[in-house]
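Colleague: sequence first, then the predicted structure, then my questions.
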Amino acid sequence: METEARWTADQVLALAPDAASRKAGARLATPVPWSGTGVAGTAVWGLCKGSGSKPYQTAVDIAGPAFRCTCPSRKFPCKHAIGLLLLWAEGAAGPVTAAVEPDWVEQWTSARRKKAEAAESSAPRAAAGPADPDAAKRRSDRRAVRVEGGAAELEQRLTDLLRGGLAGADRAGYQQWDEIAARMVDAQAPGLASRVRELGAVVATGGDWPSRMLEETALLHLLTRGFLGREQLPAPLAETVRTRVGFTVDTAELLAGPSVRGRWLILAQYDTADDRLTTRRIWLHDEDAGRFALLLSFGAAGRAPELTLPVGTVLDAELAYHPAAVPLRAALGTRHTTHVPDRTPAGAAVSPALTSYGTALADDPWLDAWPVLLSSVVPLPGPDRWQLADATTEDALPVTMPPSGMSGLWRLAAISGGHPLTVFGELGPTGLRPLTAWSSGSPAPIPL
């Protein structure tokens, strides 16, 4: 990456693991607590005065990006890294201008290079597969039998539920769903367990919950039938069913197989968390090939995942897609270069976006979200529902809440000012969840 290709403040803040880190990092985006700041090649560094006698050593490899700080924070990136990057984003006229790496930065960047070279040299050994493929197959077969038992039990429970009617489901409480989910965990089918928990939560959503429960029950029943009859399914659909049930593919094994190289625009990045796990979703788009990709990264409860990519940059990299009827999820392989584009990405109109979503649903009826990049759309606030209206046609999409809530919707309206925008989001059964917007004529994305 060229050192002059600096990120915007919005791109830096989008890397923060949570709102508290964004706020704390913004407070450190002033030269007062910093000394010894500099930038050279892909490294940005500085010393930040903290509560102790020694300043914290903070460094960022913007090609990763990767972060190093001697502070005790367990967040990645920490507030010091965010503050440093905000200073760096000010440009050549800002305080981060020195170009000679101190020893501690050189040692860190050198260690990263050696680690990357070692990983690359060991890649052929990873491609050799498991040490004992017969033992691996036996384990897989045993698990498949357990999952079949769980799927059959779930199918019977769903049949009993529908036979008794849904009207009383709101009085039965959540305990029965928790019990069924625990049985699916015992059967080594975490995907089924997750969907059962979601089904149990439908009642609490209010409104026309019986209709939504019927829809979700039908999809869950279809999934159990699909797994039990997977041998009769086309191979891509069978892989989709296995994934939805909870089977995974080892990342090393995936990267050892076929991969695709592209120039991937980082469209969006956001985290979701529960009691056990923090999940980071990163959406990418290869405009030349017209394909999207989803990277998932995980962190233990209370800790942010380590993989982070700045929204709005273009990454020249190799990706390996997980096998599926609708390939979306991918694993990140070799990275080559990164740069900041000088134009707004090209999007589609509302009508073809809806068509692509319908086609994807036909291949994967359990699809939770479909990526769409829309151009020339205008946000329209409403008393009950917001919409994104196509500026060139009469088409419109209902809008669901972005990760930042109502503040994200009002920010979208403020960016637009009544003028057309380019918007990326996840399209689902209830509408579009906007994640990133580009104002007219500006290549800099604004995460929502």
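Modeller: Yes, it's here.
Colleague: all contacts plus neighbour counts: C-alpha atoms, from now on.
Modeller: Will do.
Colleague: distance from the chain centre to the biggest helix by length in the chain, please.
Modeller: Across the chain, the helix with the greatest residue count (assigned by DSSP state H) is helix 133-164. A distance of 29 Å separates the centroid of the chain from that of helix 133-164, by C-alpha atoms, centre = their mean, to the nearest Å.
Colleague: same question, stretch 414-434
Modeller: The gap between where stretch 414-434 is centred and where its chain is centred comes out at 18 Å by C-alpha atoms, centre = their mean.
Colleague: pLDDT weak spots in the stretch 251-400 of the chain?
Modeller: Applying pLDDT under 70 to the stretch 251-400 of the chain flags residues 302.
Colleague: ok, the stretch 101-250 of the chain next?
Modeller: Ranges of the stretch 101-250 of the chain meeting pLDDT under 70: 119-131.
Colleague: quick one: the helices in it, in order.
Modeller: Per DSSP state H, counting those that start in this stretch, the stretch 101-250 of the chain has helices spanning 103-126, 133-164, 169-172, 175-186, 190-201, 209-228, 235-245. These are given in chain order.
Colleague: tell me what the longest helix of the chain is packed against?
Modeller: Counting contacts by 3 or more C-alpha pairs under 8 Å, 6 or more residues apart in numbering; DSSP states H and E, helix 133-164 is packed against helix 175-186, helix 209-228.
Colleague: list the buried residues of the longest one.
Modeller: When you say that, I think you mean helix 209-228. Of the residues in helix 209-228, those scored as buried under the neighbour-count criterion (16 or more other C-alpha atoms under 10 Å) are 209-210, 213, 216-217, 220-228.
Colleague: next: stretch 365-384.
Modeller: Buried, per 16+ other C-alpha under 10 Å, within stretch 365-384: 366-367, 369-380.
Colleague: nearest to Gly64, of the helices and strands packed on helix 133-164?
Modeller: With C-alpha to C-alpha as the criterion, Gly64 lies closest to helix 175-186 of the helices and strands packed on helix 133-164, at 35.8 Å.
Colleague: other SSEs contacting the closest one?
Modeller: The elements that helix 175-186 packs onto, with contact taken as 3+ C-alpha pairs under 8 Å, 6+ apart, are helix 133-164, helix 190-201.
Colleague: quick check: Ala182 touching Ala193?
Modeller: Yes. Shown here, Ala182 and Ala193 form a contact pair, counting by C-alpha atoms under 8 Å, at 6.9 Å.
Colleague: between those two, which one's more packed in?
Modeller: When neighbours are counted by other C-alpha atoms under 10 Å, Ala182 and Ala193 differ, and Ala193 comes out ahead with 26 against 18.
Colleague: buried set for stretch 171-183?
Modeller: Within stretch 171-183, the residues that qualify as buried by neighbour count (16+ other C-alpha under 10 Å) are 174, 177, 180-183.
Colleague: what do you get for stretch 264-281?
Modeller: Applying a neighbour-count criterion of 16+ other C-alpha under 10 Å, the buried positions in stretch 264-281 are 264-271, 273, 277-281.
Colleague: of those, which belong to strands?
Modeller: With strands defined by DSSP state E, the entries of those inside them are 264-271, 273, 277-281.
Colleague: quick one: which of the buried residues of stretch 264-281 is nearest to Tyr321?
Modeller: The closest of these to Tyr321 turns out to be Trp264 (C-alpha to C-alpha; 13.8 Å).
Colleague: what about that closest one, distance to Gly428?
Modeller: Taking C-alpha to C-alpha, to the nearest Å as the measure, Trp264 and Gly428 are separated by 23 Å.
Colleague: repeat that for Gly36.
Modeller: With distances defined as C-alpha to C-alpha, the gap from Gly36 to Gly428 amounts to 48 Å.
Colleague: likewise for Ala40?
Modeller: Using C-alpha to C-alpha, Ala40 is found at 43 Å from Gly428.
Colleague: again, but for Leu294
Modeller: When C-alpha to C-alpha is applied, the distance between Leu294 and Gly428 equals 16 Å.
Colleague: that'll do, ta.
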